[in-house]
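>>> let's see this in three dimensions:
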Amino acid sequence: MTWFEGFTRDNFAVNGTRITARYGGTEGKPALLLLHGFPQTHAIWHRVAQQLKDDFFLVMPDLRGYGDSQKPAAAADHANYSKRVMAQDMVELMRDLGHERFFLCGHDRGGRVAHRLALDHPDRVEKLCVLDIAPTLDMYAATDMAFARFYFHWFLLIQPSPLPEMMIGPNAKSWLHFALGSLGGDGLGYIEAQALAEYERCFCRAESIHAACEDYRASAGIDLEHDRESRAQGEKIRCDLLVLCGENGVVQRLFDPLALWQAQCSGRVEARAVPAGHFIPEQLHELTAQALRGHFN
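Down below sits the predicted model:
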């Protein structure tokens, strides 16, 4: 399939950092912001984008710390990698592209950014979709042996710098392949060669590994503080929410995504299990595009 044909790639100075993004599709159609997760880049959306380019104006950034976006020096409390800050990046990016309101979909870490964006900027988000996640606070609170075994990287990457960086760095490509293969559930066959090469190019660098660790350190610290504050204040996602989880993924096996998201959303919530592992947009790109088209239209 053609690699992002018809899409523009550019850099944007937003929120004190530089964000790289691809954008395109159909001008005048509703704007849809697509957010990737760990350990990937916006390349995860390349096949979905070709399916949706006639229906939406698509924006596909690399989150701060990932891909070709800037990787700011770490703050002592990891606040500059908080989902609140990443969400602000995205609001400013969309504003720069002329979109005050938009549809929003996030996979993995991008789903956590999307969740925070919907809480902090409810007037920006028309509808929301998250892929293969449950709320961060609930997942940490329910940690048991099974979850820790399956999602061991959550607990390795949050260790103080430079321990995880030193452990991953000398074997970065092997680590990347293991993460993509084990979480996907069926090896690397679902990833096209061009996308895999992009993930290798972007992840296998010291600054990228450190930035990814900072993302997870923020999630286990300041992000949980923000989530607890939001719940104490009764803040909920106001728009309709679609949740897709992989039947072979950890979230679907160990959690109740529908119940957990219904508790955090005042709009309508639909949750579906689909025949995939964790990386739904690549494993089931046609189904993903169909589900997004149906939900957002």
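>>> which residue sits closest to residue 211, ignoring its sequence neighbours?
Nearest residue to residue 211 in three dimensions, chain neighbours excluded: residue 65, at 3.2 Å (CB to CB, 6 or more residues apart in numbering). Quick note: C-beta positions are derived from backbone N, CA and C, even for glycine.
>>> give me the number of residues near the one you found?
Applying other CB atoms under 10 Å, we find 25 residues neighbouring residue 65.
>>> am I right that it is in a helix?
No - going by DSSP: H, G, I helix; E, B strand; the rest coil, the assignment for residue 65 is coil, not a helix.
>>> wait, isn't it in contact with residue 208?
Yes - Residue 65 sits in contact with residue 208 when judged by CB atoms under 8 Å, with a separation of 7.4 Å.
>>> quick one, helices of the stretch 101-250 of the chain?
In the stretch 101-250 of the chain, the segments counted as helices under DSSP state H, counting those that start in this stretch are 109-120, 136-141, 145-150, 152-156, 163-168, 172-184, 193-203, 206-219, 222-232, 250-254.
>>> that older thread, could you list every residue that touches the residue nearest to residue 211?
71, 72, 81, 208, 211, 212, 214, 215 (CB atoms under 8 Å, 6 or more residues apart in numbering).
>>> which pLDDT value goes with the third one?
The per-residue pLDDT reported for residue 81 equals 98.
>>> and the gap between it and residue 121?
Distance of residue 81 to residue 121, computed by CB to CB, to the nearest Å: 18 Å.
>>> and residue 216, by the same measure?
Taken as CB to CB, the span from residue 216 to residue 121 is 23 Å.
>>> higher neighbour count, these two?
residue 216 (22 against 17).
>>> pull the number of nearby residues for the nearest residue to residue 62 once chain neighbours are set aside.
Nearest residue to residue 62 in three dimensions, chain neighbours excluded: residue 69, at 4.1 Å (CB to CB, 6+ apart). As a burial measure, residue 69 scores 24 neighbours (other CB under 10 Å).
>>> can you check which residues contact both of residue 65 and residue 208?
Overlap of the contact sets of residue 65 and residue 208 (by CB under 8 Å, 6+ apart) consists of residue 71.
>>> quick check: which element contains residue 59?
Residue 59 is part of strand 57-61, with elements assigned from DSSP states H and E.
>>> do me a favour and average the pLDDT over that strand.
Here the average pLDDT along strand 57-61 is 99.
>>> each with direction, which strands does it pair with?
Under the criterion DSSP bridges, strand 57-61 sits next to strand 17-25 (antiparallel), strand 31-35 (parallel) in its sheet.
>>> let me see the residues that make contact with the helix or strand just after the shortest one.
By that I understand strand 31-35. Using DSSP H and E, the helix or strand that follows strand 31-35 in sequence is helix 46-52. Applying CB under 8 Å, 6+ apart, the external contacts of helix 46-52 come out as 1-5, 7, 22, 24-25, 32, 34, 58, 60, 192, 194-195, 281-282, 285-286, 288-290, 292-293.
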